[in-house]
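Q: Requesting a structural model of the entry that follows:
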Amino acid sequence: MNKLYGLLGHPVRHSMSPLMHNDAFKQLGLDGYYHAFDVPEDKLKESIAALKILNISGFNVTIPHKVTIMKYLDDIDEEAVMIGAVNTVVNIEGRLIGYNTDGRGYLTSLLTKLNKPLGNCNVLVVGAGGAARGVVTAIANEGVALLSIANRTIEKAVEIKKNYLKYREAKLNVLSLEEAERNLALYDVVINTTSIGMSPNVEEVPISIGNIKKTAVLSDLIYNPIQTKFLRLGEEKGLLTHNGLGMFVEQGALAFSMWTQQNPDTDRMTKIVMQQLGGFSC
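A: Below is the predicted model:
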């Protein structure tokens, strides 16, 4: 009988995770099956209990459960505690252990684009939601010259800073979006962690890049569309750009490795997702 894995979220109908993971099980000859479970917010507790009874081997967690699920787990990894959210759960001898692979998945993808060491970079993160928490934690843990968080609501950015500094020291500061735009030339990497520019609102941008330096890397966590207007404007300026597809694939690959102790083919995973998004060939 195949080991059961899955995704908990609401809604999950359009998730590409089952395609990506089930293909990886097949390619590696593993007896696993990944299923997307649509779990409304008021059914999360009983769904976790049911999955325990089914002895699920592991699962991913997506919106809106990444924070709420933490109170139903048996233990939580330190990095997930720092982020304040869980996106991956591993069943270890009946105990459900929570992790967060979002930040590390993003960082793995970003490092392939940088033209100098991250430790020598000034990085600007735009947004202060759940995605920003993962990105800020991973980048700060890795080490960076300066890390700034810019958000429309300053208080949310301050909360991320305070939360991180409870665990570790880092050169972190907080800016308004207006301050960030004025001082954009200071940054080597500019990252959009908001949903601004996501389909169907594809003509929106999170921040003006008029003052950006020519050698900067412009990154967007969005992968639908593959190229947001934000990244298109960056390309027009001759900037290196980086979309969110790599983060989606790498966070999934990290989770897969935690569950199976085997590394999936991330190039193949990328092709599968690209095909679903835009008809690209595998």
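Q: What residues of the helix of greatest length in the chain count as buried?
A: The longest helix of the chain (DSSP state H) is helix 245-260. Neighbour-count burial for helix 245-260, counted by 16 or more other Cβ atoms under 10 Å, picks out 245-256, 258-260. The way it works is simple: take the backbone N, C-alpha and C, and place the C-beta from them, glycine included.
Q: next one: stretch 235-245
A: 239, 241-245.
Q: got it, and stretch 20-34?
A: Quick answer for stretch 20-34 (16+ other Cβ under 10 Å): 20-25, 30, 32-34.
Q: In CSV, list the residues you listed along with secondary structure, pLDDT and distance to residue 210.
A: Listed next are the buried residues of stretch 20-34 as CSV, based on DSSP: H, G, I helix; E, B strand; the rest coil; pLDDT from 0 to 100; distance: Cβ to Cβ, whole Å:
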residue, secondary structure, pLDDT, distance to residue 210
20, helix, 97, 37
21, helix, 98, 41
22, helix, 98, 45
23, helix, 98, 42
24, helix, 98, 42
25, helix, 98, 47
30, coil, 97, 50
32, strand, 97, 48
33, strand, 97, 50
34, strand, 98, 44
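Q: Find the nearest non-adjacent residue to the most centrally placed residue in the chain, please.
A: The residue lying closest to the centre of the chain (Cα atoms, centre = their mean) is residue 102, at 3.4 Å. Take residue 102 and drop its neighbours on the chain: the residue closest to it by Cβ to Cβ, 6 or more residues apart in numbering is residue 134, 3.8 Å away.
Q: Give me the local confidence score for the one you found.
A: Here the pLDDT value assigned to residue 134 is 94.
Q: now swap in the one 5 residues further on and tell me
A: Reading off the per-residue confidence, residue 139 sits at a pLDDT of 96.
Q: Go through the buried residues of stretch 20-34 and name the one nearest residue 140.
A: Closest approach to residue 140 among the buried residues of stretch 20-34 (Cβ to Cβ): residue 20, at 28.4 Å.
Q: you'd agree the closest one is up against residue 273?
A: Yes: at 6.3 Å, residue 20 counts as touching residue 273 under the criterion of Cβ atoms under 8 Å.
Q: list the residues that contact both of the two?
A: residue 249 (Cβ atoms under 8 Å, 6 or more residues apart in numbering).
Q: so where's the stretch 1-150 of the chain shaky on pLDDT?
A: Counting by pLDDT under 70, the ranges of the stretch 1-150 of the chain that qualify are 1.
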